[in-house]
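**Student:** missing the sequence, but the structure's below:
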């Protein structure tokens, strides 16, 4: 009911999808093995046992990846396009895992056609399964068999506001058997309603009602063994999302302003480390050549190290190829009048402190490549708000700007692909960072990474 999926049903659904995807993979092999579909030019391929290692990855990992993308959330409210996007993102990560198994475990893919056909069949199978389940669920709702009986209690205006916020489909999922104004009616009326209607759930909605009344209502439900859902309208927020947790023996209501999906964040961190390691290995010849070029064309260290503000403002030492003369920091005070960025950040077109090789490195963003070391060490992410120097963070005038520190800083971000140095208002920069944080997903990270490549190659907005 309303954003809560029964855990048993969720696990059964994941098992069902594992079976569906296993069937899709077997069918893909069957079609290729019998040469009904041939895409890789091979006449014959190995029998199914040679493909079992891929099935061993698909069956357990695919439902898990679908869950991290929110595929199982709010099935009645999703559009088909939204479901396809979540399936596609999960599919990309599934093929990344299969690719990693091929590279690191030296496993063989006997036929690419099987994987291609599977990639086409799997979304179709999942969409058919989802639509059949939704149709069956809607039939049960409209027949009155699955509408849960609930009591709404609290302040009348808040109860009305709660009901108006529900969609028509969500309203069908519940049957309101009583509405009780706890500001005017005694708690005994509430208890009598519990006895009369034998409900399993009570929803409390209020803003300014006395907490002693709320406590008595919750205690009454506790005695009766009835679940209580409490609307959080009494603590107005604009961005923070409430969740429930515990600290020791104390129950805690948690308000979070950053992504809370632990599994998705775990995958993001794992992808960061693997991507950084592979990047350093593949780019090592280029990194050596650039280091040599910096050494030969200017005096000073090859790597520029600076204290930057990391997650929650925690300082770390960020690396990049040195693109300025060694006395650049001393010259900055003289150039403050030429700052083209509003706010605490310093940006300047044709900065005289930049070396000749430095201009090329900045234009191509090659100067940022050493930050892969920071990513590998867990101080940065591949995608996230760009890290600012600690002294610039200390100059933040608007407290809202500090919320950009609630996620790990990254090599690239929305700012990077939407103008970079063409954006001269720091508030616009922060707005993009907060847009990224509020809408974060693995799909968004993949989108930003893909968009970053042509942006960097074209040198768009670079200085």
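**Tutor:** That came in fine, so what should we check first? Computed from a prediction, not measured in an experiment: that's the story for all the values here. Numbers count the residues shown, from 1 in each chain.
**Student:** Tell me where the chain has strands.
**Tutor:** In the chain, the strands defined using DSSP state E lie at 148-154, 174-181, 201-205, 227-230, 241-247, 250-256, 303-309, 315-321, 381-383, 410-412.
**Student:** For the longest one, list every residue counted as buried.
**Tutor:** In other words, strand 174-181. 174, 176, 178, 180, 181 (16 or more other Cβ atoms under 10 Å). Any C-beta I mention is one placed from the backbone N, CA and C, and that applies to glycine too.
**Student:** Rounded mean pLDDT for it, please.
**Tutor:** Across strand 174-181, pLDDT averages out at 91.
**Student:** again, but for stretch 33-41
**Tutor:** Computed over stretch 33-41, the mean pLDDT rounds to 79.
**Student:** Tell me where the stretch 1-150 of the chain is predicted with low confidence.
**Tutor:** 1-7, 40-42, 141, 144-147 (pLDDT under 70).
**Student:** Show me the helices in it, by range?
**Tutor:** Ranges of helices in the stretch 1-150 of the chain, per DSSP state H, counting those that start in this stretch, are 7-33, 52-68, 80-104, 112-142.
**Student:** now for these, which one comes closest to residue 297?
**Tutor:** Closest of the helices of the stretch 1-150 of the chain to residue 297 is helix 80-104, at 36.6 Å (criterion: Cβ to Cβ).
**Student:** Show me what the closest one packs onto, helices and strands only.
**Tutor:** Other helices and strands packing on helix 80-104, by 3 or more Cβ pairs under 8 Å, 6 or more residues apart in numbering; DSSP states H and E, are helix 52-68, helix 112-142, helix 262-297, helix 442-458.
**Student:** Could you say which of the ones you listed is packed most deeply?
**Tutor:** Burial of the helices and strands packed on helix 80-104 is given as mean neighbour count (mean count of other Cβ atoms under 10 Å); helix 52-68 ranks first at a mean of 18.
**Student:** Name the surrounding residues that touch that helix.
**Tutor:** 10, 14-15, 17-18, 21-22, 25-26, 72, 86-87, 90, 93-94, 97-98, 101, 107, 109, 115, 118, 122, 126, 261, 263-264, 267, 442 (Cβ atoms under 8 Å, 6 or more residues apart in numbering).
**Student:** What's the PyMOL syntax to select whichever of those residues are buried?
**Tutor:** A single PyMOL command selects the buried members of those (16+ other Cβ under 10 Å):
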select buried, resi 14+17+18+21+25+72+86+87+90+93+94+98+101+109+115+118+122+126+261+264+267+442
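**Student:** that older thread, export the buried residues of strand 174-181 to TSV and tack on distance to residue 202?
**Tutor:** TSV is the format used below for the buried residues of strand 174-181 (distance: Cβ to Cβ, whole Å):
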residue	distance to residue 202
174	12
176	11
178	10
180	9
181	14
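**Student:** Among the helices and strands packed on helix 80-104, single out whichever gets nearest to residue 32.
**Tutor:** helix 112-142 (4.6 Å).
**Student:** now the angle from that closest one to helix 7-33?
**Tutor:** Comparing the axes of helix 112-142 and helix 7-33 via axes from the mean of the first three to the mean of the last three Cα atoms, to 10 degrees yields an angle of 140 degrees.
**Student:** quick check: angle from helix 112-142 to strand 174-181?
**Tutor:** Counting by the same axes, to 10 degrees, helix 112-142 points 50 degrees away from the direction of strand 174-181.
**Student:** Can you tell me which helices and strands helix 112-142 packs against?
**Tutor:** On a contact count with 3+ Cβ pairs under 8 Å, 6+ apart, helix 112-142 meets helix 7-33, helix 52-68, helix 80-104, helix 168-172.
**Student:** would you turn the strands of the chain into CSV with distance to residue 429?
**Tutor:** Listed next are these as CSV, based on distance: least, Cβ to Cβ, whole Å:
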stretch, distance to residue 429
strand 148-154, 42
strand 174-181, 44
strand 201-205, 39
strand 227-230, 38
strand 241-247, 24
strand 250-256, 23
strand 303-309, 14
strand 315-321, 18
strand 381-383, 16
strand 410-412, 14
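**Student:** Which one, of those strands, ends up nearest to residue 452?
**Tutor:** Nearest of these to residue 452, taken as Cβ to Cβ: strand 410-412 at 4.4 Å.
**Student:** contacting residues for residue 389?
**Tutor:** Per Cβ under 8 Å, 6+ apart, neighbours of residue 389: 306, 307, 308, 309.
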